[in-house]
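Chemist: Generate a structure from the sequence data that follows.
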Amino acid sequence: MSQVAAIEALVKRRHPAAPPTSTGTLARAGRLIFNPGSICVGAAAILSIVGIAAISTTEPGLAVRQGLFLIIGMIAAAVVALPHYVWLRRFSYPLLGFTVLLLIFVMIPFVPEGLVRPRNGARRWINLGLTDFQPSEVAKIAFVLALANWLRLKKNYRRLTGLLVPFILTFIPMGLVLIEPDLGSALLFLPTLFAMLIAAGAKLRHIALIIVLGVSAAPAMYPLLRDHQKDRIDAMVAQITGDTRHADDIGYQGSRAQTLVAAGGLKGVGGAHARDLVVYNHLPEEHNDMIFAVVSARWGLAGGLLAMLTYLLFMAGGLVTAAFCRDAFGRLIVVGVVAVIFAQMTINIGMTIGLMPITGMTLPFVSYGGSSLVATWMMAGLILNVALRRPRYLEREPFAFDDEEDA
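Modeler: Model prediction:
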């Protein structure tokens, strides 16, 4: 018997597994309720309820449907949380490949419109009858799992050439989502990639070099954007500089959203008055992309800040879960999920208050949409899954590097 095996046997004798008694059952129930992952689940529940209330301001029927989607999402989260997350490793690459095929499928022009119905020139949804399914929502989860699987082995990314695979895993789904076009969802992939690279321990000089190259190349991407995407960027610049010429054309949606945010004041105007304000101002997509404007009008600055604090609570629970996890794959899953939620929240709120161009980005857990709500709840389920698993005895800290490895 090796020395390590002898030590493990000694630890097991001194700390035997709890027998299958009622006390052990209570202990497992306690871990289910009192762990950092449950904080994320609680925050997700609060945000989902806020979303249903905000949607009901102008769309009571859609609020009922959102409640049904919430039940489905919570069931999906429980299903994701039950099996040990290490089982997901073997399915991570096939799942990403399947979602890539779905992203290609929605863009095939001869697919019947009864199956893939274009909306405002975009082909993002597959008609399932009772609801529409958006493959880009699943692509976020598949991307995080596949990237976590690759980055769990330090030999894969500690050299500059080793970053090629992570960027391939990023740019294939990102490019397909951008072609749909869905600029908002496409913007989530790069921040998530960088967050997971940093968490994995990629060399900061490599990441800095890539960021510099990306920022330098960004202006060259502007001519490749579609006309409506350029208009949204121009409208944002006009708003920031105080130019009101576009308030009734390309800047209309942003102008109406900012008006409603300001109208809420400190404490909000209440449900009935908020409904009148939203209807009178003709805010487009008030139940979806612009839901934060409805939240701010109904509950004011206080409500908006509380919503953002709830997101911070979700992120705190996720980061604590990642810190306690000593398995590289599990830690990277949590970091990836937190990065996706944080980036999506930042972009949505930023575009609502005029600090970012409008991209059609939903607000996680709050905006109306079955695919979005179920996918974000599955992400919460992934965090809970990792939080429920105790570190194994003598398991080393992941992403610890020797001086020779950093040379």
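Chemist: where does the stretch 101-250 of the chain dip in pLDDT?
Modeler: Applying pLDDT under 70 to the stretch 101-250 of the chain flags the ranges 120-121, 155-157, 214, 217-232, 234-250.
Chemist: now the helices for the stretch 51-200 of the chain?
Modeler: Taking DSSP state H, counting those that start in this stretch, the helices of the stretch 51-200 of the chain run over residues 60-81, 89-105, 135-151, 164-179, 183-186, 189-200.
Chemist: Specify the stretch among these that is closest to Met361.
Modeler: Met361 lies closest to helix 183-186 among these, at 3.3 Å (Cβ to Cβ). Placement of C-beta: from N, CA and C, glycine included.
Chemist: Packing partners of the closest one?
Modeler: Using 3 or more Cβ pairs under 8 Å, 6 or more residues apart in numbering; DSSP states H and E, the elements in contact with helix 183-186 are helix 135-151, helix 164-179.
Chemist: hmm, 10 Å instead?
Modeler: helix 135-151, helix 164-179, helix 227-240, helix 328-352 (3 or more Cβ pairs under 10 Å, 6 or more residues apart in numbering; DSSP states H and E).
Chemist: Could you dump these into TSV and include distance to Asn127 and mean neighbour count?
Modeler: Below are the helices and strands packed on helix 183-186 laid out as TSV (distance: least, Cβ to Cβ, whole Å; neighbours: other Cβ atoms under 10 Å):
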stretch	distance to Asn127	mean neighbour count
helix 135-151	12	25
helix 164-179	19	18
helix 227-240	24	17
helix 328-352	24	25
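Chemist: would JSON lines of those with distance to Val111 be doable?
Modeler: Converted to JSON lines, these look like this (distance: least, Cβ to Cβ, whole Å):
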{"stretch": "helix 135-151", "distance to Val111": "13"}
{"stretch": "helix 164-179", "distance to Val111": "15"}
{"stretch": "helix 227-240", "distance to Val111": "23"}
{"stretch": "helix 328-352", "distance to Val111": "28"}
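Chemist: Which one, of those helices, ends up nearest to Ser371?
Modeler: Checking the helices and strands packed on helix 183-186 against Ser371 by Cβ to Cβ gives helix 135-151 as the closest, at 4.4 Å.
Chemist: other SSEs contacting that closest one?
Modeler: helix 89-105, helix 164-179, helix 183-186, helix 189-200, helix 328-352, helix 370-388.
Chemist: Reformat those helices as a markdown table; add distance to Gly73.
Modeler: What follows is these, written out as a markdown table (distance: least, Cβ to Cβ, whole Å):
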| stretch | distance to Gly73 |
| --- | --- |
| helix 89-105 | 18 |
| helix 164-179 | 21 |
| helix 183-186 | 18 |
| helix 189-200 | 21 |
| helix 328-352 | 14 |
| helix 370-388 | 3 |
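Chemist: Which one, of those, ends up nearest to Ile46?
Modeler: With Cβ to Cβ as the measure, helix 370-388 is the member of the helices and strands packed on helix 135-151 nearest Ile46 (11.7 Å).
Chemist: for that closest one, packing partners?
Modeler: On a contact count with 3+ Cβ pairs under 10 Å, 6+ apart, helix 370-388 meets helix 22-33, helix 36-55, helix 60-81, strand 132-133, helix 135-151, helix 291-324, helix 328-352.
Chemist: Any idea which of those gets closest to Leu102?
Modeler: Closest among the helices and strands packed on helix 370-388, using Cβ to Cβ: helix 135-151, at 3.8 Å.
Chemist: and the closest one, C-alpha only, in CSV?
Modeler: Coordinates of each C-alpha in helix 135-151 appear next as CSV, following Å, rounded to 0.1, in the frame of the first residue of the first chain:
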residue,chain,number,x,y,z
PRO,A,135,-31.2,27.4,-29.0
SER,A,136,-28.9,30.3,-28.0
GLU,A,137,-30.2,30.0,-24.4
VAL,A,138,-29.0,26.3,-24.2
ALA,A,139,-25.8,27.3,-26.0
LYS,A,140,-24.7,29.4,-23.0
ILE,A,141,-24.9,26.4,-20.7
ALA,A,142,-23.3,24.0,-23.2
PHE,A,143,-20.5,26.5,-23.8
VAL,A,144,-19.8,26.8,-20.0
LEU,A,145,-19.7,23.0,-19.6
ALA,A,146,-17.5,22.4,-22.6
LEU,A,147,-15.1,25.2,-21.6
ALA,A,148,-14.9,24.0,-18.0
ASN,A,149,-14.1,20.5,-19.2
TRP,A,150,-11.2,21.8,-21.3
LEU,A,151,-9.8,24.2,-18.7
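Chemist: chain center to it: distance?
Modeler: Here helix 135-151 shows a centroid-to-chain-centroid distance of 11 Å under the convention Cα atoms, centre = their mean, to the nearest Å.
Chemist: What angle do helix 328-352 and it make with each other?
Modeler: Orientation note: helix 135-151 sits at an angle of 140 degrees relative to helix 328-352 (axes from the mean of the first three to the mean of the last three Cα atoms, to 10 degrees).
Chemist: and of the helices and strands packed on helix 183-186, who's closest to Gly369?
Modeler: Here helix 135-151 is closest among those (Cβ to Cβ), at 8.4 Å.
Chemist: any idea of the angle that closest one forms with helix 370-388?
Modeler: Using the same axes, to 10 degrees: helix 135-151 against helix 370-388 is 30 degrees.
Chemist: what about Ile207, how many neighbours?
Modeler: When neighbours are defined as other Cβ atoms under 10 Å, Ile207 has 15 of them.
Chemist: what's it in contact with, if anything?
Modeler: Applying Cβ atoms under 10 Å, 6 or more residues apart in numbering to Ile207 gives the contacts Leu163, Leu193, Phe194, Leu197, Ile198.
Chemist: what's the burial count for the fourth one?
Modeler: It refers to Leu197. 23.
Chemist: Check the second one too.
Modeler: Neighbour count of Leu193, defined by other Cβ under 10 Å: 26.
Chemist: try the last one
Modeler: Using other Cβ under 10 Å as the criterion, Ile198 is surrounded by 13 other residues.
Chemist: and if you look at the third one?
Modeler: Taking other Cβ under 10 Å as the neighbour definition, Phe194 ends up with a count of 18.
Chemist: quick one: it and Ala202 touch, right?
Modeler: Yes. Contact criterion Cβ atoms under 10 Å: Phe194 and Ala202 qualify, at 9.0 Å.
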